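Student: compute the structure for the input listed below.
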Amino acid sequence: MPDKTSRFSRLTRDEVPAETQKIYDHYMQQRGNVPNMFRTVAHRPEIFQTMIAHFEAILNTGTLPVKLKELVIVRTSQLNQCGYCLASHTRISKKLGWSEDQLTNLAECAKRDDFTSAEKVALQLAERMTRNEGPLTDEEWKEIREFYSEGEVVELMAAIGLFNYFNRFNNLLNMESTMPAAVVAQ
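Tutor: Prediction:
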């Protein structure tokens, strides 16, 4: 991986307000680190706190499994070539049961037998939305609705949209991963 230069200082726990410290503590307990993106956005605590609330609501509420949401997050991050997000969310996706082969070859999911039709439709939605390909056709909407309720479509689109935001933020700042090099290289 090329050398990366920090564009922003990464705020430590001691440099942030009490409410932000609680978020840092949560991620230290959950992940063992506070991602660099979070430590950067913490320069604006109000934005950081609402960003985290939105992130947690997207991933941890609703009816769709986190495993599926992480799958569309990985595909979105692949399309946006965001190594920073891929390092973290590929690792999370593997822990949730996706194989290295599946994740590496998501672009070919339509031809594979190890994805369900519903997963393929979710991945197609991630591709359409990330590429900003305009409104869904009636046929595409019908296909999506065969598998997902309107609320579940909102969940998928929120995950995809959030990671389009995160990917662009991290790519523009050339964000370096907080993950150990061995994990990033996988």
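
Student: what sits against the most centrally placed residue in the chain?
Tutor: Residue closest to the mean C-alpha point of the chain, counted by Cα atoms, centre = their mean, is I73 at 3.9 Å. Each residue near I73 by Cβ atoms under 8 Å, 6 or more residues apart in numbering is listed here: 85, 89, 93, 159-160, 163. The C-beta positions use only the backbone N, C-alpha and C, and glycine is treated the same way.

Student: which one of these is nearest to L172?
Tutor: C85 (12.8 Å; Cβ to Cβ).

Student: what about K120, which helix or strand?
Tutor: helix 117-130 (DSSP states H and E).

Student: what about the residue nearest to the centre of the chain, helix or strand, and which?
Tutor: helix 66-79.

Student: lowest confidence element among the helices and strands of this structure?
Tutor: Each helix and strand of the chain was given a mean pLDDT (mean pLDDT, DSSP states H and E); the minimum falls on helix 181-185 at a mean of 31.

Student: quick revisit: pick out the most distant pair among the contacts of I73.
Tutor: S93 and I160 (14.7 Å).

Student: still on that earlier bit, next one: the residue nearest to the centre of the chain from N167, what distance?
Tutor: Counting by Cβ to Cβ, to the nearest Å, the gap from I73 to N167 is 9 Å.

Student: R44 - how many residues pack around it?
Tutor: Using other Cβ atoms under 10 Å, R44 has 11 neighbouring residues.
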